[in-house]
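S.K.: task: produce atomic coordinates for the following.
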Amino acid sequence: MDVLKNRYIYLWLSLTLAVISIFMLLFGKLNLAIDMTWGINLEYSYENSISIDKIREELEKEKDLLLLNNQKVINNIGVYSITWEKAFSIVAWFDSTIDESVLNWLKTEFKNKTFEVLKTMDSTIVETKYTNIWKSFGDYIRKTAILTLWLAIIWIAIYVAYAFSWVAGWISTFSFAIITLITLFHDVIIAAWLYIIVGYFYKDFQIDTFFITALLTILGYSINDTVVIFDRIRDNLRKFAWKPGKEWKDLYEIINLSISETLRRSFYTSLTLLLVLITIFFFGPESLSGFILTMLFWVTVGTYSSIFNASPLLYQMNKDKKLTIYKKIVINPEDKIVV
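M.R.: Residues are numbered from 1 along each chain as shown. Predicted structure coming up:
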């Protein structure tokens, strides 16, 4: 299988998707959860039958009535039924530019008005939970998430640089680390972008702490296929890079051979994981659906990246270098060492 033949097509495709993803992440409208936007979550139980659509309709009216300086303070309201229970939750996203003390007062006002409206619809409704995300906590979650993602990427790259040190002469150890940084960043932002696109059409898929957890999980697993292919390249370099005659292979042949030898393993591993994730997505807990969907996107993007990005990048960075194998220095114990 000659993957390197069309390497420019694969790399340009990945670069295009990465640029689009970065643009959308920086300038697109994100479907943020309350833990990212300092909102509130209200949960209620009931005994009689209720209409979620009717509740949503009434709360939209209340949203338009709650004003500060003649401006609306609530950006969006979501009403969700809780599966297998006679209960539902209400999520409200507030304007983040409002002062925190005033914002907390507005949240309390909305909570009280909401309960009054619900009581007129069904007297058996009882408030069971109230969650208020403070602005300072929301800022902390955002900053910590970004810092954690970058630290994870950097430490993984450092580990790869160490693990693949002394592979072959003239192939820089840091080329493995740089490629790891590029592919990990590529996998994370494209998986995030695909999730955000789904969030435009299905508001239940929000950017929340589960989403951040999914991205961190991606970092842990995404490197797996790449390391397997790199390891096979290292073994084949040791086998063929220094042999004379017909058995000698150049870097182009060695990388293509290594991809071919690991392709079936990568495909079956990814397929098995996909089947498990799809099963959990449709039959597992609804609260984990966003996490699982992000993982589904990653399996697709990460498998493509390991095969069609990492190895071609390794070739591009080292194609003009002469291959030699590092030899261990053998010390003769009989040699006299003068200090």
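S.K.: so how far is stretch 60-68 off the chain centroid?
M.R.: 35 Å (CA atoms, centre = their mean, to the nearest Å).
S.K.: buried residues, it. List them.
M.R.: Of the residues in stretch 60-68, those buried under the neighbour-count criterion (16 or more other CB atoms under 10 Å) are E62, K63. In short, each C-beta sits where N, CA and C put it, glycine included.
S.K.: and for that stretch, what's in contact with it?
M.R.: 72-74, 77, 92, 98, 102, 106, 109-110, 113-114, 117 (CB atoms under 8 Å, 6 or more residues apart in numbering).
S.K.: so for the helix or strand encompassing L25, what gets flagged as buried?
M.R.: Here L25 sits within helix 7-27, counting by DSSP states H and E. Of the residues in helix 7-27, those buried by neighbour count under the rule 16+ other CB under 10 Å are R7, Y10, S14, L17, A18, S21, M24.
S.K.: same check, this time on stretch 71-90
M.R.: Buried residues in stretch 71-90 (16+ other CB under 10 Å): V73, I74, I77, G78, V79, Y80, A87, F88, S89, I90.
S.K.: sitting in strands, which of the residues you listed do you find?
M.R.: Among the buried residues of stretch 71-90, the members found in strands (DSSP state E) are I74, I77, G78, V79, Y80, A87, F88, S89, I90.
S.K.: got the CA coordinates for the helix holding L25 in PDB?
M.R.: Extracted C-alpha coordinates of helix 7-27, given in PDB (Å, rounded to 0.1, in the frame of the first residue of the first chain):
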ATOM      1  CA  ARG A   7       0.500  12.300   1.000                       C
ATOM      2  CA  TYR A   8       0.000  15.900  -0.200                       C
ATOM      3  CA  ILE A   9      -3.700  15.300  -0.700                       C
ATOM      4  CA  TYR A  10      -4.100  13.800   2.800                       C
ATOM      5  CA  LEU A  11      -2.100  16.600   4.400                       C
ATOM      6  CA  TRP A  12      -3.900  19.400   2.600                       C
ATOM      7  CA  LEU A  13      -7.200  17.900   3.500                       C
ATOM      8  CA  SER A  14      -6.200  17.800   7.200                       C
ATOM      9  CA  LEU A  15      -4.900  21.300   7.100                       C
ATOM     10  CA  THR A  16      -8.100  22.600   5.500                       C
ATOM     11  CA  LEU A  17     -10.300  20.900   8.100                       C
ATOM     12  CA  ALA A  18      -8.000  22.100  10.900                       C
ATOM     13  CA  VAL A  19      -8.200  25.800   9.700                       C
ATOM     14  CA  ILE A  20     -12.000  25.600   9.500                       C
ATOM     15  CA  SER A  21     -12.100  24.000  13.000                       C
ATOM     16  CA  ILE A  22      -9.900  26.800  14.500                       C
ATOM     17  CA  PHE A  23     -12.000  29.500  12.900                       C
ATOM     18  CA  MET A  24     -15.300  28.000  14.200                       C
ATOM     19  CA  LEU A  25     -13.900  27.500  17.700                       C
ATOM     20  CA  LEU A  26     -12.700  31.100  17.800                       C
ATOM     21  CA  PHE A  27     -15.500  32.900  16.000                       C
END
